[in-house]
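J.: sequence unavailable; structure follows:
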């Protein structure tokens, strides 16, 4: 699958590496050239230096033919804008990193209005995993079948 990742920090870089190793066609967009050099030297991915929230850069990245766009910059608003543009350009699915609790509390409305396929909050997911380990310290693995409320 063709995947475009906007933002090559820790989250974006790890996603790009994992997805590239699984055989996906990856394009990474970042505004800073030094962020792109890291992944160019270690992975078989295409890179584009530029603002992922602009139509020209998204077109250059082939977003309209991509199966998935993942926006992982540190800025929630930028991530959501990237996903909105990608949907308008014809990208099938979009995932936005949203860290701000104010946005995350109204995420169902935001997802529906912006056409987001999924929203991720790595910090919240990490906190939930730590809590799970503290609650079940002797369990090697606990499967969650249904969340309360």
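T.: Nice, I can see it. Just so it is clear, the structure is predicted and the values come from calculations on it, not from any experiment.

J.: burial check on the nearest residue to residue 69 once chain neighbours are set aside, number of neighbours?
T.: Computed as Cβ to Cβ, 6 or more residues apart in numbering, the closest residue to residue 69 that is not its neighbour in sequence is residue 86, at 4.0 Å. C-beta coordinates here come from the backbone N, C-alpha and C atoms, glycine included. Around residue 86 there are 30 other residues, counting by other Cβ atoms under 10 Å.

J.: surely residue 86 touches residue 96?
T.: No: Residue 86 is beyond contact range of residue 96, at 9.8 Å (criterion: Cβ atoms under 8 Å).

J.: mind listing what the residue nearest to residue 69 touches?
T.: By Cβ atoms under 8 Å, 6 or more residues apart in numbering, the contact list for residue 86 reads 4, 58, 63, 66, 69, 94.

J.: from the residues you listed, pick the one nearest residue 13.
T.: Nearest to residue 13, judged by Cβ to Cβ, of these is residue 4 at 14.2 Å.

J.: helix, strand, or coil at the closest one?
T.: strand (DSSP: H, G, I helix; E, B strand; the rest coil).

J.: identify the residue nearest the geometric centre of this structure.
T.: Central residue of the chain (Cα atoms, centre = their mean): residue 70, 3.4 Å from the mean position.

J.: show me the beta-bridge partners of that residue.
T.: On the basis of DSSP bridges, residue 70 is bridged to residue 5, residue 95.

J.: contacting residues for it?
T.: By Cβ under 8 Å, 6+ apart, the residues touching residue 70 are 3-6, 12, 15, 94-97.

J.: okay, now the unreliable bits of the protein?
T.: Along the chain, the parts satisfying pLDDT under 70 run over 123-128, 137-149.
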